[in-house]
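Could you look at this predicted model? Sequence included:
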Amino acid sequence: MHLAIKIQNKTVAQKILWLLERFKEDGVEVVEIEENQEALDDETLQYMKTEQFQKDKGKLHKTLKDIQGGKSTPLSQSEYDAKIQAFELRLGQKYAN
């Protein structure tokens, strides 16, 4: 059985989650927790039940994972300036002839 409930109060939600965890050995598993700030319209809710939504969700998660995998930390202005200066120096040395 799959159960979806909406709980407005975070304290109550935490208590219910605590209670559900007590039934873990009996086969109760909390599969997903969503903290929606906005209510979804009926059209969106219907779309979320479709196979296409699952495909789109999978593509989005893969894309986000790819983005996270290639993400680097932005340089500060001073780090950037130092790297550019070093690059220009190497470039000058290489092509100075």
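Okay, I see it. Residues are numbered from 1 along each chain as shown.

centroid residue for the chain?
Taking Cα atoms, centre = their mean, the centroid of the chain lies closest to Leu64, which sits 7.2 Å from it.

Any chance you could list what contacts the helix or strand encompassing it?
In the assignment (DSSP states H and E), Leu64 maps to helix 51-70. When contacts are defined by Cβ atoms under 8 Å, 6 or more residues apart in numbering, helix 51-70 is touched by residues Tyr47. (Glycine included, C-beta is placed from N, CA and C.)

let's see 10 Å
The contact list for helix 51-70 (Cβ atoms under 10 Å, 6 or more residues apart in numbering) reads Thr44, Gln46, Tyr47, Met48, Thr50.

Columns secondary structure on top of those residues, output as a markdown table?
Converted to a markdown table, the contacts of helix 51-70 look like this (DSSP: H, G, I helix; E, B strand; the rest coil):
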| residue | secondary structure |
| --- | --- |
| Thr44 | helix |
| Gln46 | helix |
| Tyr47 | helix |
| Met48 | coil |
| Thr50 | coil |
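
Which one of those residues is nearest to Lys15?
Distance to Lys15 across the contacts of helix 51-70 (Cβ to Cβ) is lowest for Met48, with 27.0 Å.

Tell me how far Val28 lies from Arg22.
According to Cβ to Cβ, to the nearest Å, Val28 and Arg22 sit 8 Å apart.

Those two - which one has more neighbours?
Neighbour totals were compared for Val28 and Arg22, and Val28 leads with 13 against 9 (other Cβ atoms under 10 Å).

That one contacts His2, correct?
No. Using Cβ atoms under 10 Å, Val28 makes no contact with His2, being 11.7 Å away.
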